[in-house]
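Chemist: sequence plus predicted model, see below.
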Amino acid sequence: MGRWKPDARGRLEQAAMELYNDKGFEATTVAEIAARAEVTERTFYRYFADKREVLFQSNPLADVLARATATAAAPLAPLEVITHALTEAAPVFEERAELVRQRQAVIAANPELQERELVKLASLVSTLAHALRERGLDPTTAALAAEIGIAAFKVAFDRWINDPHQHALARHIRETLGATRHLTAPAEHAAATGDGSLPGQDGA
């Protein structure tokens, strides 16, 4: 393999994303990923159990959400706590924006991977709900706030991925969760304050 190069894990991840997008997830082999990253297959398996785990490897997101929820200011309402936690977690994605976008393109092209992504999102709902219960919320309120929060995050994440203006993910999170207040507003109120669309949808 030649001279040793640092960051084998990072090179494997980058190589996998490139191949998944070029050839397709199913058509890509571990041998091809290892070859492009200039490591052995044995090295690949040192970091990942299989080629799917490159897309769904553990990351600090759940820990960040739990910690940020636990340390949010006491007077905050449940959805404000969720907003705080998700914006605190935004750097987990923004620090690796290009890889995140490549990963999302792979998942969008594979229904089986989309199912796995839904399982991952469900685990984040459980993480948030547990953290909210630890703050003293009743189980129903905690579960509902967590579900709404992750659903709003998914919308915000999709907007960020496809944002031609490259606004920060934290901005999209705040705007999307802020828009949830319109969901139960009377029609007359919505008409008076606007149509409830998210800021920036007109390209601003």
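Modeler: Nice, I can see it.
Chemist: so where's this protein shaky on pLDDT?
Modeler: Applying pLDDT under 70 to the chain flags residues 1-6, 59, 185-204.
Chemist: now do 80
Modeler: Low-confidence segments of the chain (pLDDT under 80): 1-6, 57-59, 181, 184-204.
Chemist: which parts of it are helices?
Modeler: For the chain, the helices defined by DSSP state H occupy 8-23, 30-37, 41-47, 53-56, 61-71, 78-94, 97-108, 111-134, 139-161, 169-179, 187-193.
Chemist: the third one packs against which elements?
Modeler: By that I understand helix 41-47. Here helix 41-47 touches helix 8-23, helix 30-37, going by 3 or more CB pairs under 8 Å, 6 or more residues apart in numbering; DSSP states H and E. For glycine as for every other residue, the C-beta is placed from the backbone atoms N, C-alpha and C.
Chemist: format the ones you listed as TSV; extra columns: distance to A152 and mean neighbour count.
Modeler: Below are the helices and strands packed on helix 41-47 laid out as TSV (distance: least, CB to CB, whole Å; neighbours: other CB atoms under 10 Å):
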stretch	distance to A152	mean neighbour count
helix 8-23	27	19
helix 30-37	34	18
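Chemist: so what's L12 up against?
Modeler: L12 makes contact with I33, A34, A37, V39, T43, F44, Y47, F48, V54 under the criterion CB atoms under 8 Å, 6 or more residues apart in numbering.
Chemist: the third one: what's it in contact with?
Modeler: Shown in contact with A37 (CB under 8 Å, 6+ apart): A8, R11, L12, Q14, A15, F44.
Chemist: switch the cut-off to 7 Å
Modeler: Contact partners of A37, counting by CB atoms under 7 Å, 6 or more residues apart in numbering, are A8, R11, L12, A15.
Chemist: wait, T28 touches Y20, no?
Modeler: Yes: contact criterion CB atoms under 7 Å: T28 and Y20 qualify, at 5.7 Å.
Chemist: quick check: the gap between the closest residue to L128 other than its chain neighbours and N110.
Modeler: Spatially, and ignoring its direct neighbours in sequence, L128 is nearest to A146 (3.8 Å; CB to CB, 6 or more residues apart in numbering). For A146, the distance to N110 equals 27 Å [CB to CB, to the nearest Å].
Chemist: if you count surrounding residues, which of these two has more?
Modeler: For A146 versus N110, neighbours defined as other CB atoms under 10 Å are more numerous around A146 (26 against 17).
Chemist: now L86: how far from A66?
Modeler: Computed as CB to CB, the L86 to A66 distance reads 12 Å.
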